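Just to be clear, the model below is a prediction. Sequence and coordinates:
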6 protein chains.
Amino acid sequence: MNNDLFETGLTNRRAVLGTAYVDASLAAATDFSRDLQEYVTQYCWGDVWDRPGLSFRDRSLVNLGMLTALNRGHEFKVHVRGALNNGVTRDEIKEVLMQTAFYCGGPAALESFRLAQEVFTAMDAEATAGAAGA
Amino acid sequence: MNNDLFETGLTNRRAVLGTAYVDASLAAATDFSRDLQEYVTQYCWGDVWDRPGLSFRDRSLVNLGMLTALNRGHEFKVHVRGALNNGVTRDEIKEVLMQTAFYCGGPAALESFRLAQEVFTAMDAEATAGAAGA
Amino acid sequence: MNNDLFETGLTNRRAVLGTAYVDASLAAATDFSRDLQEYVTQYCWGDVWDRPGLSFRDRSLVNLGMLTALNRGHEFKVHVRGALNNGVTRDEIKEVLMQTAFYCGGPAALESFRLAQEVFTAMDAEATAGAAGA
Amino acid sequence: MNNDLFETGLTNRRAVLGTAYVDASLAAATDFSRDLQEYVTQYCWGDVWDRPGLSFRDRSLVNLGMLTALNRGHEFKVHVRGALNNGVTRDEIKEVLMQTAFYCGGPAALESFRLAQEVFTAMDAEATAGAAGA
Amino acid sequence: MNNDLFETGLTNRRAVLGTAYVDASLAAATDFSRDLQEYVTQYCWGDVWDRPGLSFRDRSLVNLGMLTALNRGHEFKVHVRGALNNGVTRDEIKEVLMQTAFYCGGPAALESFRLAQEVFTAMDAEATAGAAGA
Amino acid sequence: MNNDLFETGLTNRRAVLGTAYVDASLAAATDFSRDLQEYVTQYCWGDVWDRPGLSFRDRSLVNLGMLTALNRGHEFKVHVRGALNNGVTRDEIKEVLMQTAFYCGGPAALESFRLAQEVFTAMDAEATAGAAGA
């Protein structure tokens, strides 16, 4: 493993997906899944996301479109949270998904709207729980 | 057909893809393909692209990612030109495609790099021919 | 929004998917998802499904094949009910899915058989509950 | 190989795709590709297409939708000819493709319209050549 | 139905997926799904898997890659068990999935790692329960 | 760039795809495409292909299946040559593709048979030309 790439990746991944989420992912890694965690952290987050030519916000927009097209709901939900962390608003997420309706087809857009709504609902519940706990 | 939607769409489509390209597409429409041209112009360009919540530049970034994921090379090339018209630079196109390498996989990225390079080469030849003809 | 297109779409959508289902979808729409509901109702149901060149039954057959190929299970189940409403029999649904086994591959067909069976089981339970309640 | 299944398949395949096309495919088979030709002829044409529960015309409609969704242009073109042989009109092919525009997305529909148009143009040229030769 | 092909297929299918699993699948078949069970058993297991040119182990490796690419999670899990029965080790399954990370993209690999881990966890629990029951 | 990873990758890539092919790819790299060449060489060939847990032959079998499923014809052809270099025979390539016929569907298999045949024909012509030139 390349430690520099891994450390850079860890910083970027935490910035986008949140420290709690990333640390939980790494802590949950088993002998079976650890190599993939390292692959993803180094090459996706330590290389691609570290490239200066496009902002985190722009990369999030692209990801929402790609993950809808690829039909990968789990990662799509992860990147809805990432997009919000990167300054994409809920209304802008709506705009990307309206665009998927034409290019990827209606069923793809309907699915991503449902999944994004699930993320928003969960986040709103977390915020309420957090406020109640304060 | 909804004429307002079609006219709005025509304006947006020409702004992104160029008047020459769009007028050629419409002129080439046959009894077989005319309805689809009207569908695309109204709903994609007259509705989705006319929504104010996301800039043309941002929509182009999303399209480059989606069309790579969807494996639709012909439309991808059309939208490489569209992206450049919308202010996306060649370096930013490269960045989107580097991102597709991780999310859509290497073969998808290699194909889109090839197709984008074909567009750039054709555009450079057109520019040279245009300069020579001046 | 184009009201004529929306009203036409609403009529077609209710005819295929049932008034209860469609009204629940629209009532559940939020500020986030309302625009997509309007997009789908207008352009899919108010335009494509309103075209006279193909019967509702034929369009349902095509949808069962496309949604299996696209791997969009949620919409597939919606359109199994739609197909039955449009006069496609359970045996004809089986025939379409046998055909997906060759063209889309075995795993796609196995998934659609499971999903269709889930719909049939739910409908049979609803019918029993309805009969018991009468 | 199961000879009954193969003979039944050959009859169905020729009925849909034309004797000339099928015989050329089989004649072109090499040691490398012969087994696949036999697989396709037996299981697709000798089994699926031989099932009585759905007409050839209906199966052609489903195929046009599936092959567009699957992004398999070569087989799509083969089945445009097959659809016409099975009594699907050019206008009905248009209708299926208008439906793919919503469900599979615009780029998929645009590609299938182009490919279908290529088939029609080739067939019209063949008809003209045939008439001239008469 | 071709009884020879079906019997051969049944033998191969049981050898790979386990007698208990296969017999449960066949017993659960309804009038709706029986034809597909016969199609799969004859043509996939009685023909393709019966071909001598590639070992069961090699075919399992190919399946893990294909099913990840095809995004068919249910069948992927079935074939994780099949691969182990065919002598593929958990470490070799990891290797195939590390390879999907590059070719199919990160989200596809992450999903297959999750699904494979679910299978391993279930199998370990079954083994513990079996040992406790002994 | 990580030079160790790149050099390791270059060695593996040349071993599989041939020195002439790889050196031509790198020499053809432009400012636009160079970063992707480095990404592919480092992470795919310097990491994934360098992992000892699976032989080159086994990785080639998996690639033929994945690339058929992913509908990426250009890379598929590259990896047909790679598979032969890694000791996979033409008959074994046929076996993998017969297996794709069931899992990925007939149209996917037909396309890969055509592409593989094109590679074989080109290689046979190269061999004849080489022999004639000797």
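Sure thing, it's come through.

What residues sit buried inside the host helix or strand of A:Ala20?
Secondary structure from DSSP states H and E places A:Ala20 in helix A:19-27. For helix A:19-27, the neighbour count (16 or more other CB atoms under 10 Å in any protein chain shown) marks A:21-22, A:25 as buried. C-betas here are computed from N, CA, C, even on glycine.

My guess is A:Pro107 contacts C:Asn71. True?
No. Between A:Pro107 and C:Asn71 there is no contact under CB atoms under 8 Å: 9.4 Å.

For those two, indicate the residue with more neighbours.
Using other CB atoms under 10 Å in any protein chain shown as the criterion, A:Pro107 and C:Asn71 rank with A:Pro107 on top: 27 against 19.

got the contact list for that one?
Counting by CB atoms under 8 Å, 6 or more residues apart in numbering or on different chains, A:Pro107 makes contact with C:67, C:70, C:72, C:74-75, D:103.

how far away is the nearest residue to A:Glu75 once chain neighbours are set aside from chain D?
In this structure, A:Glu75 finds its nearest non-sequential neighbour in E:Pro107, 4.0 Å apart by CB to CB, 6 or more residues apart in numbering or on different chains. Counting by CB to the nearest CB, to the nearest Å, the gap from E:Pro107 to chain D is 19 Å.

For E:Pro107, what is the enclosing helix or strand?
Following DSSP H and E, one finds E:Pro107 within helix E:106-133.

Just want the angle from the lowest-mean-pLDDT helix or strand in chain A to helix E:106-133.
Least confident helix or strand, chain A: helix A:19-27 with a mean of 92, by mean pLDDT, DSSP states H and E. Helix A:19-27 runs at 60 degrees relative to helix E:106-133, counting by axes from the mean of the first three to the mean of the last three CA atoms, to 10 degrees.

Run through who's touching helix A:19-27.
A:10, A:13-14, A:37, A:41, A:78, A:81.

Now render the residues you listed as TSV, adding neighbour count and pLDDT.
What follows is these, written out as TSV (neighbours: other CB atoms under 10 Å in any protein chain shown; pLDDT from 0 to 100):
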residue	neighbour count	pLDDT
A:Leu10	18	97
A:Arg13	23	97
A:Arg14	16	97
A:Gln37	19	96
A:Thr41	23	97
A:Val78	21	98
A:Arg81	18	98
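
Can you tell me which of these end up in strands?
Among these, none falls in strands (DSSP state E).

Of the residues you listed, which is the nearest to chain C?
In terms of CB to the nearest CB, no member of the contacts of helix A:19-27 lies closer to chain C than A:Arg81, at 15.3 Å.

which secondary structure element contains A:Leu61?
helix A:56-70.

Can you name the residue of chain A nearest chain D?
Taking CB to the nearest CB as the measure, chain A has A:Gly105 as its residue closest to chain D, at 3.9 Å.

For the residue lying closest to that residue once chain neighbours are set aside, grab the count of nearby residues.
Spatial nearest neighbour of A:Gly105, chain neighbours left out: D:Gly105 (3.9 Å); criterion: CB to CB, 6+ apart. Neighbour count of D:Gly105, defined by other CB under 10 Å: 30.

buried stuff in the helix or strand hosting A:Glu75?
A:Glu75 is part of helix A:73-85, with elements assigned from DSSP H and E. For helix A:73-85, burial by neighbour count (16+ other CB under 10 Å) applies to A:73, A:75-85.

got it, and stretch A:127-134?
Across stretch A:127-134, burial judged by 16+ other CB under 10 Å covers no residue at all.

Apart from its chain neighbours, what residue comes closest to the residue nearest the centre of chain A?
The residue lying closest to the centre of chain A (CA atoms, centre = their mean) is A:His79, at 2.0 Å. Nearest non-adjacent residue to A:His79, counting by CB to CB, 6+ apart: A:Asn63, 4.7 Å away.

Tell me if I'm right that the one you found and A:Gly82 touch.
Yes. Using CB under 8 Å, A:Asn63 makes contact with A:Gly82 at a distance of 7.3 Å.

Could you tell me which residues of chain A lie near chain B?
A:43-44, A:48, A:51, A:53-54, A:58-59, A:61-70, A:91-92, A:94-96, A:98-104 (CB under 8 Å from any CB of the partner chain).

do that again at 7 Å, thanks
With CB under 7 Å from any CB of the partner chain as the criterion, chain A meets chain B at residues A:43-44, A:48, A:51, A:53-54, A:58-59, A:61-63, A:65-66, A:69-70, A:91-92, A:95-96, A:98-100, A:102-104.
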